[in-house]
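A.B. asks: Give me a 3D structure for the following:
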Amino acid sequence: MNTENKIKIFLVDDDAIFLRMMEIEFMQQDNFIVKTFATGELCMQHLPEDKPDVIILDYHLDGIDKNAMNGMETLDKIKALNPSIPVVMLSSQDKIDVAINCMHHKAFDYIVKSETAFMRLQKIITTILHYQKMEKELSWYMERM
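C.D. replies: Take a look at the predicted model:
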């Protein structure tokens, strides 16, 4: 597949094993380009020039450096820099208030880390791409009216 047609994903997680597992899962699919980051700071450094289609971001991010930005701070900075980038939050916490907080901060969705997380992420990415395509088509029609 041509790299122009591939979906560029940033995976941001301080859990090295989970991060590597997700990277392998996505790389086994032919339609993804994956970049991984262990901190929100590293993600933000690469964001302007790499322009991902989707960011998958861990809620906590303090496992490597206790002073590192957490997922919510990173989400807010991503949205301040480019509000159109869809961000899917990941967490091992299965709490509704955490999910609601993420949505209030403009996350596209919230996924609990589990054995089905990868399948759910694939479905969400498909939904994101479908939604973006519909927005472009609607915008095209609205311009002609």
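
A.B. asks: where are the low-confidence patches of the chain?
C.D. replies: By pLDDT under 70, the low-scoring segments of the chain are 1-3, 64.

A.B. asks: in the chain, which spans are helices?
C.D. replies: For the chain, the helices defined by DSSP state H cover 16-27, 40-50, 71-81, 96-104, 117-144.

A.B. asks: Tell me which of the ones you listed is the most buried.
C.D. replies: The highest mean neighbour count among those, using mean count of other Cβ atoms under 10 Å, belongs to helix 71-81: a mean of 18. All C-beta atoms are positioned from the backbone trio N, CA, C, and that covers glycine.

A.B. asks: Distance check, T39 against S84.
C.D. replies: Here T39 is placed at a distance of 23 Å from S84 (Cβ to Cβ, to the nearest Å).

A.B. asks: Over to E115?
C.D. replies: 31 Å.

A.B. asks: just Q29 next, same as before
C.D. replies: Taking Cβ to Cβ, one finds Q29 at 24 Å from S84.

A.B. asks: higher neighbour count, the two?
C.D. replies: For Q29 and S84, the more surrounded residue by other Cβ atoms under 10 Å is Q29, and the numbers stand at 14 against 7.
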